[in-house]
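> Everything below, folded, please.
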Amino acid sequence: MKYQVSLVVASLALAVLSACSSVPKTDAPSDSTAAAPQTYTPPATPALAKDGALVTNAGLTLYTYDKDTTPNKSACYAKCPFEWPPLLTTPDDAAKGDYTIFERDDGMTQWAYKGKPLYQNKADKKAGDKTGEGKPDWQIAKP
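Residues are numbered from 1 along each chain as shown. Okay, the predicted model is just below:
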């Protein structure tokens, strides 16, 4: 009898605990005044000319790779994109003027300026950094 009572108590406790754990927790306000979703508006161009160089819209220096000898074709693969990230596009981007979009061999899409693929240097952390300047095979992108 004692065993049956313990089993009933344990079953009830388990039922209460599982019911409590299934109640969803939320930090959202209860008045359902959630903000409308924001939409992405692509910039007018993927880069800007500043002090004789092309920079991202965030001011990071852009570079070209001397081994990119075919227009709108990247030669930067394997370890290269980890040091020199390509300037990738979003699905909402569209080619504009001298800026073109091409598909890389890895399936990603990248920006090019006058046919030259554009890259960043991973060591550039803030606007105006030019840590890639003077590196073999790399040039600061010029307008």
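
> Angles on the backbone of the nearest residue in space to residue 122 that is not next to it in sequence, please.
Leaving aside its sequence neighbours, residue 122 sits nearest to residue 83 (CB to CB, 6 or more residues apart in numbering; 5.6 Å). From N, CA and C alone the C-beta is placed, and that goes for glycine too. Torsion angles at residue 83 (phi, psi; degrees, to the nearest 10) stand at phi -90, psi -30.

> What is the burial count for residue 83?
Counted with other CB atoms under 10 Å, the neighbours of residue 83 add up to 15.

> Tell me if residue 82 really is in a helix.
Yes. Residue state for residue 82 (DSSP: H, G, I helix; E, B strand; the rest coil) corresponds to a helix.

> Just give the nearest non-adjacent residue to it, would you?
Spatial nearest neighbour of residue 82, excluding adjacent residues (CB to CB, 6+ apart): residue 122 at 7.0 Å.

> for that neighbour, helix, strand, or coil?
coil.

> can you count the residues close to residue 99?
Other residues near residue 99 number 19, with proximity taken as other CB under 10 Å.

> What residues does it make contact with?
45, 46, 47, 111, 112, 113 (CB atoms under 8 Å, 6 or more residues apart in numbering).

> for residue 115, same thing?
Residues near residue 115 by CB under 8 Å, 6+ apart: 71, 72, 100.

> mind redoing it with 10 Å?
Neighbouring residues of residue 115 by CB atoms under 10 Å, 6 or more residues apart in numbering: 68, 70, 71, 72, 73, 98, 100, 102.

> Buried ones only from these, please, as a ChimeraX command.
Listed next is the ChimeraX selection for buried residues among those, using 16 or more other CB atoms under 10 Å:
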select :68,72,100,102
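
> Just name the closest of the contacts of residue 115 to residue 130, please.
Residue 130 has its nearest neighbour among the contacts of residue 115 in residue 68, at 19.3 Å by CB to CB.

> So that closest one is in contact with residue 114, correct?
No. Contact criterion CB atoms under 10 Å: residue 68 and residue 114 do not qualify, at 11.7 Å.

> for this protein, which spans come out with low pLDDT?
1-44 (pLDDT under 70).

> Quick check: the gap between residue 109 and residue 129.
Noted for residue 109: a distance of 25 Å to residue 129, by CB to CB, to the nearest Å.
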